[in-house]
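Asker: Okay, sequence plus prediction incoming.
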Amino acid sequence: MKLYTYFRSSAAYRVRIALNLKGLEREDVFIHLRQGAQRQTGYLGLNPQGLVPTLVDGDAVIGQSFAILEYLEETHPEPPLLPADRAGRARARQLGLIVACDIHPLNNLRVLQYLGRELGLDEEARNRWYRHWVERGFAALETLLTGTPGTERFCHGEVPGFADLCLVPQVYNAGRFAIDLSPYPTVRRINETCLALPAFADAAPEAQPDAE
Amino acid sequence: MRLFTLPVSSAARRVEIACRLKGLDVERVEIDLAAEKRAVDSAYRRRNPQLKVPSFEDGTLALTQSLAILEYLEEAYPEPPLLPADAAGRARVRALSLSVACEIHALQNSAVVQHMVSEFGIETAAGGRWQRHWITDGLRAIEARLADGGATGRFAHGDRPTFADCCLAPQVWNALRYQLSIEPYPTVTGVYERCLRLAAFAEVLGAPPS
């Protein structure tokens, strides 16, 4: 399997964790987002949106990290990254999608660049924008993690899954923007639990060969 | 089965269309989001701490996040299927759905636009430009994906509607509401028109936006 990745892409980070948890070998192809490699013709042929990650598995070319996670779960079911029961799977996806749909899309590089270039927001304003969506999303996650049944050592149950591998890269990003995590103790605790596992630690941005 | 929604919510419409395609009887509950936001505590806030729509309930199960709800519906009510049978096809459908949900809708839903106005004083006109930018950019990428390769049929994937159509049709409807031309996206347009010929889509989306 070939993964088009960038060390700091939190969507690619999710997929790296999933591949590690499932013990799957991968060949990395590095797409340097800050140098615009994602907008070069060759890559756009694979991923017309110019986003990372893209997973290539035989003839299948898959964009969108959450679609990749579902694909890996279906094609390599062990160890499972979704719970066995339907309600549990729904909850795990819900928690993961809060990060993947309601925090991360608003804060990725192309959006921040557009806010600066087209709308004239200075760095301080862009940082405020960034923090707003993280804080709002983490507040919702904390409420759901503490207020709905299922949270144990990990977001859902005693083994890591979809929700955790979305949460950890988002907490990493929050750290880069010096966001205070004290209002979200459960988020913080689960992040620490995850990072103690090699599958998570080995997927971290600084552990990647393209890290700068 | 209940779906909490707003008069025009593209995320809630995904779920509503899927329920109709599956022939499920779902009660539609419109909430007063402004009143919910003013209330420090409310039943809806407990149901959906993000104070967004949709929220969904089926018996004792309460869920938010439209794509998680679609996956639940597919598992609990598999007929007719809204995902193809093969893993690569399912991945393609999910990626198309996420391209709408994460790369277009997430950037210009009402919470985002309101925040731009209230926090950064970006005028509505600029908000309009922002919305148009992400819709145009997203539809261009989806058109490229749909036009390239044989998996696209009468619908976004094959000849039956899938999650991808449930997500795409309400987004195209929104683009028309903003008076964006969809002519640059002929494959998207064809899929959208075929969706509207099905009662499940036409009844949820209603008359073309004016």
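Answerer: Thanks, I have the structure now. Residues are numbered from 1 along each chain as shown, chains lettered A, B, ... in the order given.
Asker: what's in contact with the biggest helix by length in chain A?
Answerer: Secondary structure of chain A per DSSP state H: the longest helix is helix A:123-147. With contacts defined as Cβ atoms under 8 Å, 6 or more residues apart in numbering or on different chains, helix A:123-147 is touched by A:94-95, A:98-99, A:102-103, A:106-107, A:112, A:115-116, A:121, A:151, A:155, A:167, A:170, A:173-174, A:177, A:179, A:181, A:183-187, A:190, B:46, B:49-50, B:115, B:119-120. The C-beta positions use only the backbone N, C-alpha and C, and glycine is treated the same way.
Asker: So for it, what gets flagged as buried?
Answerer: For helix A:123-147, a neighbour-count test (16 or more other Cβ atoms under 10 Å in any protein chain shown) marks A:126, A:129-131, A:133-138, A:140-145 as buried.
Asker: Among the contacts of helix A:123-147, name the buried ones.
Answerer: By neighbour count, with 16+ other Cβ under 10 Å, those hold A:94-95, A:98-99, A:102-103, A:106-107, A:112, A:115, A:121, A:151, A:155, A:167, A:170, A:173-174, A:179, A:181, A:184, A:186-187, A:190, B:49-50, B:115, B:120 as buried.
Asker: give the contact list for residue 94.
Answerer: In the absence of a named chain, this looks at chain A. A:144, B:63-65, B:68.
Asker: my bad, chain B
Answerer: With Cβ under 8 Å, 6+ apart, B:Arg94 has these contacts: A:64, A:66-67, A:70-71, B:83, B:163.
Asker: repeat for B:Gln108
Answerer: B:130-131, B:134-135.
Asker: now swap in B:Ile122 and tell me
Answerer: A:119, B:116, B:130.
Asker: Including pLDDT, could the contacts of B:Arg94 go into CSV?
Answerer: Formatted as CSV, the contacts of B:Arg94 follow (pLDDT from 0 to 100):
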residue, pLDDT
A:Gln64, 96
A:Phe66, 97
A:Ala67, 98
A:Glu70, 98
A:Tyr71, 98
B:Leu83, 98
B:Phe163, 98
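Asker: Turn these into CSV, including neighbour count, secondary structure and distance to A:Gly161.
Answerer: CSV is the format used below for these (neighbours: other Cβ atoms under 10 Å in any protein chain shown; DSSP: H, G, I helix; E, B strand; the rest coil; distance: Cβ to Cβ, whole Å):
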residue, neighbour count, secondary structure, distance to A:Gly161
A:Gln64, 28, coil, 18
A:Phe66, 25, helix, 13
A:Ala67, 22, helix, 16
A:Glu70, 25, helix, 12
A:Tyr71, 24, helix, 15
B:Leu83, 23, coil, 20
B:Phe163, 29, helix, 21
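Asker: Which one of those is nearest to B:Cys19?
Answerer: Ranked by distance to B:Cys19 (Cβ to Cβ), the contacts of B:Arg94 are led by B:Phe163 at 12.7 Å.
Asker: How much space separates the closest one from B:Leu96?
Answerer: Applying Cβ to Cβ, to the nearest Å, the value for B:Phe163 to B:Leu96 is 8 Å.
Asker: tell me the strands in chain B, going along the chain?
Answerer: B:2-5, B:27-30, B:55-58, B:61-64 (DSSP state E).
Asker: Please identify the deepest-packed of these.
Answerer: Neighbour counts (mean count of other Cβ atoms under 10 Å in any protein chain shown) averaged over each of the strands of chain B peak at strand B:55-58, with a mean of 22.
Asker: Pull up the gap between B:Ala200 and A:Arg39, please.
Answerer: Taking Cβ to Cβ, one finds B:Ala200 at 38 Å from A:Arg39.
Asker: Please apply the same query to B:Leu180.
Answerer: 23 Å.
Asker: neighbour-wise, which of these two wins?
Answerer: B:Leu180 (17 against 12; other Cβ atoms under 10 Å in any protein chain shown).
Asker: Let me know how buried B:Arg140 is, in neighbour terms.
Answerer: Using other Cβ under 10 Å: B:Arg140 sits among 15 other residues.
Asker: my read: it touches B:Val188, true?
Answerer: No - assessed by Cβ atoms under 8 Å, B:Arg140 is found out of contact with B:Val188, at 9.4 Å.
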